[in-house]
Each structure stands twice: as C-alpha cells, then as structure tokens.
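Participant: model this:
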Amino acid sequence: MHLRTFLRDCKPDLPRAVWIIQLGNVVNFFGFGLVLPFELIYLHDRRGFALPTSGLIVSTIMAVNVVCAAPAGSLADRFGGKRLLFFGAAISGLGYGSLAFATHPWQAFLGSAVAGVGAGCTQPAAGALVTALCTREERIAAFTVARIAINLGIGTGGVVAGLIVASGSVRSFQVIYLLNAATFFGYLCFLAFVPDARTAHKTEVEHGPRGYRFVLGHRAFLGVLAANFAFVVVGYTLFGYTMPIYARHHVQVGSQAIGGVFAANTIFIILFVIPIARLSRAQSRATLLGIMCTAWGIACVIAIGAGAIGGPHTGVVILALSGILFAVGECLHAVVLQPLIAELAPPAVVGRYMALFGITFSVGLAAGPSASASALAVSPDLPWIAGAAAMLALLPVLSPVVHRAQAPRVLASETV
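Facilitator: So this is what the prediction gives:
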C-alpha cells in the first residue's frame with residue numbers, strides 16, 4: 001500500500017499548459033538528437049571541411065548562444081516568454097535547415113550563427129514561461145518533467161538518426177538536418193496552445209527591480225552560478241564528451257557498446273527522475289547537492305576502474321555503472337538548481353536570472369570538452385581524477401552557498 005501511494009504521488013500534478021510545453025520539448029529535442037551525434041561527421045566527412053573548421057562551425061552555435069542570452073533575458077522580462085520562444089524556435093529552424101545545404105564553410109558558419117541566435121532566445125524564454133505558468137510548489141515537478149522530455153527526445157532522435165544515415169550518403173545527412181528544422185516548427189504548433197503568462201504584472205516590470213546591475217548585485221545568486229559552472233563541466237561534459245573517446249581508445253569499447261552506456265544513462269533519467277524528485281522532498285537542497293557531487297565524484301572514480309581493470313566486456317559494464325551514477329547526479333541537478341533559480345528571481349527579472357543560468361551551462365559545455373581533452377592527452381585518468389577532486393572540493397562550500405541563496409533579499413529599485 002505504501003508503494004502504491006508513493007507511485008501515485010510521483011505523478012506530477014501540473015497545469016495543462018506545462019504538459020503541452022513538455023510534449024513540444026519531446027518533439028523539439030527529438031530533432032536535436034537527430035543531428036547531435038553526427039554534426040562533425042557531416043561537416044568533415046561529407047562536406048569535406050577541415051576538422052578544426054568543422055569544430056569551429058559547431059562551436060559557433062554555442063558562442064552566439066552565449067552572446068544572445070543576456071539581451072534575450074531582458075526581452076523575456078519585457079515582452080513575455082511565449083513571444084520570444086516563437087521567435088527563437090523559428091530562427092533555430094531556419095538556421096539548422098540551412099546547414100543541410102551548406103557546401104562552403106562560410107555558409108555553414110552563417111547557418112550556425114542563425115541557429116545560435118535562436119538557441120540564445122529560447123532558453124531564458126522557456127524558463128521564464130514555465131516559471132510563470134507554475135506555482136512555487138509546482139516548479140520542481142515542472143523542471144523535472146522537462147528533463148525527462150529532453151532526454152526522451154534526444155535519446156530517440158539519436159537512435160532514429162543512426163538508421164537514417166546508415167547509408168552514409170550526403171542526402172541522408174540532409175534528411176536529418178531538415179527533420180531537425182521541422183521539429184522546431186512542430187514545437188510552435190504546441191506553443192500556440194499555451195497562454196502568454198508573465199511572472200510579473202506590468203506595474204512590477206515598470207517599478208520593480210530592473211536591469212542586470214540588480215541581478216549581478218545578488219551575490220548569493222552569483223555563488224550558485226559559479227557552482228553550476230563546475231557542475232556542468234564535471235557532471236555533463238565528462239560523461240557526454242570525454243567518455244566516448246576514453247572508452248574507445250583506453251577501454252577498447254566499440255561504438256555499439258558506447259551507445260549502450262549512453263542508453264543506460266538516458267533510460268535511468270527517464271525512469272527515475274520523478275521518483276527521485278519525490279524522495280527528495282524531505283531533504284534540504286544542500287543535502288541533495290552534496291549527494292549529487294558525491295555521485296558524480298564516485299562516477300569519475302569508477303570510470304578510471306574501467307580502464308584499469310582491462311577487457312572491453314568488463315569495461316562496458318563498469319562504464320554503464322558510471323553512466324548510471326552520472327544520471328543520478330543529473331536527476332538531482334534537475335530537482336534542485338533551476339527551481340532554486342526561479343525562487344531567487346524577483347518576478348520582474350526572472351528572464352534575466354534564467355539567461356545567466358543558461359549562460360553558465362553554455363560556457364561550461366564549451367570549456368569542459370576542451371579542458372578534458374587536454375587533460376586526456378596528458379593521461380587517460382587525469383580528467384576523472386580532476387572531476388572527482390572538484391566535486392570533493394565543492395562539498396564543504398555547498399551548504400553556505402545554498403543557505404545564502406535561500407535567505408530573503410531586500411529588493412532595491414536599481415536600474416540600468
């Protein structure tokens with residue numbers, strides 16, 4: 001009976017509009033999953049661009065994303081998240097669609113820059129819109145379901161893309177880029193049924209705290225951002241970017257087995273993020289972040305064991321276990337961080353808070369692969385040792401950071 005009650009409580013009770021957005025996210029991130037594993041392969045192997053050039057083209061999306069995110073946060077506060085989401089999704093669709101026909105590097109750079117503008121608009125807009133549609137009590141469930149939608153979309157998209165590009169022809173790669181573009185416009189169809197909710201009334205926007213000067217004066221929030229940068233570098237880039245090449249060259253694991261490791265990570269998140277969110281209700285945020293860091297630190301140590309023990313069959317099992325522990329950390333990250341940001345933000349500037357939170361993700365995802373690749377060149381164990389050490393070093397500072405973040409802030413009418 002207790003188990004039945006627990007499972008019933010795990011079902012999120014969310015507004016209809018939030019469910020519509022998350023269904024749209026499944027469609028949208030299905031498209032992202034189509035191209036994510038094959039961007040460099042397409043640009044380098046099929047279009048003939050030099051590998052460094054191909055890498056810069058892919059990085060352009062993230063770089064432009066970072067540049068656009070801050071002004072997009074201001075626009076989300078001023079005009080509402082829904083309008084900016086419409087614009088961002090449409091622009092992203094055009095950018096990714098154009099990459100299907102890029103035969104020269106300058107065309108690919110231009111397409112990536114357009115896609116980056118769209119991505120820079122959608123992240124703060126989506127965060128602001130979901131925050132506005134939910135009560136404080138509903139936000140944890142809303143952002144948790146969003147994590148499920150994103151992982152489900154990316155995971156299924158990657159599987160389908162592998163089947164589409166099996167022939168290896170240029171046309172097959174064009175198909176996945178055009179399908180990705182179509183999913184952005186499919187997302188707009190879902191968004192059409194979502195109300196244009198605001199976190200603040202017009203008077204609050206006009207007379208409440210405004211501008212990034214106010215946001216950057218929130219020291220506790222800056223502490224959360226600094227911690228999140230470290231979380232992204234260790235918890236997301238080590239597994240997402242470093243694990244595949246480490247598994248291939250140092251554990252002698254094949255491509256299909258690497259796919260299985262990622263599948264274990266994705267399936268765990270989809271199945272267990274909501275139960276983990278339910279179990280987390282009675283725990284403090286500092287405790288949950290401590291568990292998250294511990295899980296990621298142990299995952300790094302286990303990854304070292306995959307290379308040390310030897311043998312691809314044993315290695316893939318060990319890497320899958322490491323992937324599941326990374327998934328535990330990702331689940332806790334979803335439960336704690338974005339709902340905390342939503343609480344810290346005064347209604348009039350929630351878009352700006354979400355924008356800076358998104359920037360720490362983008363910068364972490366940009367810096368992490370480069371740093372870990374350099375460490376991997378020195379020693380195959382070094383990225384994992386550094387990741388475990390970083391998580392261990394963060395443990396004693398998490399409680400003060402979260403305590404300061406949750407303390408009430410006296411708002412001032414600072415403007416820029």
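Participant: Pop the domain breakdown of the protein in here.
Facilitator: 16-199, 218-407 (automatic domain parsing).
Participant: possible to save those domains as CSV with mean pLDDT, distance to Gly211 and mean neighbour count?
Facilitator: Every C-beta, even on glycine, is put in place using the N, C-alpha and C of the backbone. CSV is the format used below for the domains of the chain (pLDDT from 0 to 100; distance: least, CB to CB, whole Å; neighbours: other CB atoms under 10 Å):
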stretch, mean pLDDT, distance to Gly211, mean neighbour count
domain 16-199, 88, 8, 20
domain 218-407, 87, 8, 20
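Participant: Turn the ones you listed into a markdown table, including distance to Tyr212.
Facilitator: Compiled in a markdown table, the domains of the chain are given as follows (distance: least, CB to CB, whole Å):
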| stretch | distance to Tyr212 |
| --- | --- |
| domain 16-199 | 7 |
| domain 218-407 | 6 |
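Participant: so Val328 makes contact with Val273?
Facilitator: No - when contacts are counted by CB atoms under 8 Å, Val328 is not listed as touching Val273 (9.6 Å).
Participant: Quick check: closest non-adjacent residue to the residue nearest in space to the middle of the chain.
Facilitator: Per CA atoms, centre = their mean, the C-alpha nearest to the average position across the chain is that of Phe361, at 6.8 Å. Nearest non-adjacent residue to Phe361, counting by CB to CB, 6 or more residues apart in numbering: Val232, 5.5 Å away.
Participant: and the gap between that neighbour and Gly223?
Facilitator: Using CB to CB, to the nearest Å, one obtains 15 Å as the distance from Val232 to Gly223.
Participant: OK, contacts around Leu94?
Facilitator: Counting by CB atoms under 8 Å, 6 or more residues apart in numbering, Leu94 makes contact with Val114, Gly118, Ala181.
Participant: no, scratch that, I was asking about Arg136
Facilitator: Per CB under 8 Å, 6+ apart, neighbours of Arg136: Glu343.
Participant: can you map out the helices along the stretch 151-300 of the chain?
Facilitator: Assignment of helices within the stretch 151-300 of the chain using DSSP state H, counting those that start in this stretch yields the ranges 170-191, 202-207, 211-216, 219-232, 243-250, 255-279, 285-309.
Participant: possible to save those helices as a markdown table with distance to Leu321?
Facilitator: A markdown table is the format used below for the helices of the stretch 151-300 of the chain (distance: least, CB to CB, whole Å):
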| stretch | distance to Leu321 |
| --- | --- |
| helix 170-191 | 31 |
| helix 202-207 | 49 |
| helix 211-216 | 40 |
| helix 219-232 | 21 |
| helix 243-250 | 12 |
| helix 255-279 | 8 |
| helix 285-309 | 6 |
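Participant: Relative to Asn28, which of these is closest?
Facilitator: Taking CB to CB, helix 170-191 is the member of these nearest to Asn28, at 4.2 Å.
Participant: what about the closest one, distance to the chain center?
Facilitator: Distance of helix 170-191 from the chain centroid (CA atoms, centre = their mean, to the nearest Å) equals 20 Å.
Participant: coming back round to it: isn't the residue nearest to Phe361 up against Ile359?
Facilitator: No - applying CB under 8 Å as the test, Val232 and Ile359 come out as separate, 10.7 Å apart.
Participant: re the thing from before, which of the contacts of Leu94 lies closest to Ala295?
Facilitator: Taking CB to CB as the measure, Ala295 lies nearest Gly118 of the contacts of Leu94, at 33.2 Å.
Participant: is it true that the closest one touches Ala90?
Facilitator: Yes - under the criterion of CB under 8 Å, Gly118 makes contact with Ala90 at 7.3 Å.
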